[in-house]
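> Provided below are the primary sequence and the corresponding predicted coordinates.
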Amino acid sequence: MKCAELLAVLNEYVEGTVDPAICEEFEKHMAGCNPCQVVVDNIRKTITLYKGGQPCELPVEFRQRLHSALRQKWKQTHPQKA
Amino acid sequence: MNIINQIDPEVSDPALVARAQAGELDAFEALANRYEQRVYALALRMLRHQQDAEDVTQQTFLSALEHLGGFRGDASFATWLLRIASHAALKVIRKQKGLDTISLEEATEEADGYDTIPHPEYIADWRHSPEQLVQQHEIQRLLDEALAKLDEKHRLVFLLRDVEGLSVRETAETLGLSEANTKVRLLRARLQLREQLTRTLGDPERRVVRVPHNH
């Protein structure tokens, strides 16, 4: 396996869904190729950082508007409960 | 106005959905409380415009309220909601581009393939672990800036798959793409983000230069 060929299976490798035979070849290549090792490690860290990112705060005024719109809609769609 | 209701945070999503379907407004509001930030964050990162993100968030929950009776739990409630939000955000994007009837895929057609993907250039071990980085105040800004620099078609795939955790199939269906195209776009997004983040977070003293080699 060449460095360029790693790219085609990189997604599956970092997600742990790569075919076992290909996985073995992938790891054999990485054992002798420090740049590829570092790239794979960087990619894993990139995904981890984004997965753990902070959700944006909802503006307070918008949150109030959202909930009153929901209550109003609820009343329209559930008239017997109003 | 009190918008905090009294529902125990331990109550599961399916239990809340069942109660909301049975007509309990508090249960629906508890679901909204649980997911409003996530829906808003997704919309904001898709659209990069606060007012549009608010509109999409509101439409998403109104639509969820209206169609709750039809929700059968085939996917999780979170996935169902995120897909409603993505569709609403895509509608805004298409409208902005004047693409009412054209799919995003056709509109951004390109020869996507693995052989045209740029190879990593700046390769270096990072100075800190992700666990250390999340403690740093500046990191979220850096992540958002790197994401904003991606092409829209790559950003959308990355947001749904890696940030929101939809499967490749769900991401492809939501965006109206083939799975093969989704995977290529995901790879491009991951590589571009890696490149950008490594230029900031990488340790220049531990930079690795790729020398021509045969294996």
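Here it is on my side, so go on.
> From now on I want contacts and neighbour counts done on CA atoms only, so please keep to that.
Will do.
> residues contacting the closest residue to B:Ser178 other than its chain neighbours?
Distances taken as CA to CA, 6 or more residues apart in numbering or on different chains place B:Ala172 nearest to B:Ser178, at 5.8 Å, with adjacent residues excluded. Applying CA atoms under 8 Å, 6 or more residues apart in numbering or on different chains, we find B:Ala172 in contact with B:178-179, B:182.
> so which of the residues you listed would you say is closest to chain A?
B:Thr182 (11.1 Å; CA to the nearest CA).
> was I right about the closest one contacting B:Thr171?
Yes - using CA atoms under 8 Å, B:Thr182 is in contact with B:Thr171, at 7.4 Å.
> what's the overlap in contacts for the two?
Residues touching both B:Thr182 and B:Thr171 (CA under 8 Å, 6+ apart) are B:Val157.
> Okay, helices next: where are they in chain A?
A:3-15, A:20-31, A:34-51, A:60-77 (DSSP state H).
> Give me the mean pLDDT for the shortest one.
Read that as helix A:20-31. Helix A:20-31 carries an average pLDDT of 93.
> Can you confirm whether it lies near chain B?
Yes - judged by CA under 8 Å from any CA of the partner chain, helix A:20-31 comes into contact with chain B through A:His29.
> which other helices and strands contact that helix?
helix A:3-15, helix A:34-51 (3 or more CA pairs under 8 Å, 6 or more residues apart in numbering or on different chains; DSSP states H and E).
> how far out from the middle of the chain is that helix?
Distance of helix A:20-31 from the chain centroid (CA atoms, centre = their mean, to the nearest Å) equals 24 Å.
> any idea of the angle that helix forms with helix A:3-15?
120 degrees (axes from the mean of the first three to the mean of the last three CA atoms, to 10 degrees).
> now swap in the last one and tell me
What separates the directions of helix A:60-77 and helix A:3-15 is an angle of 60 degrees, with the same axes, to 10 degrees.
> neighbours around B:Asp203, how many?
B:Asp203: 16 surrounding residues under other CA atoms under 10 Å in any protein chain shown.
> and it, backbone torsions?
When read as degrees, to the nearest 10, the backbone of B:Asp203 gives phi -90, psi 110.
> Model confidence at it, what's the number?
92.
> do you know how far it is from B:Leu197?
11 Å (CA to CA, to the nearest Å).
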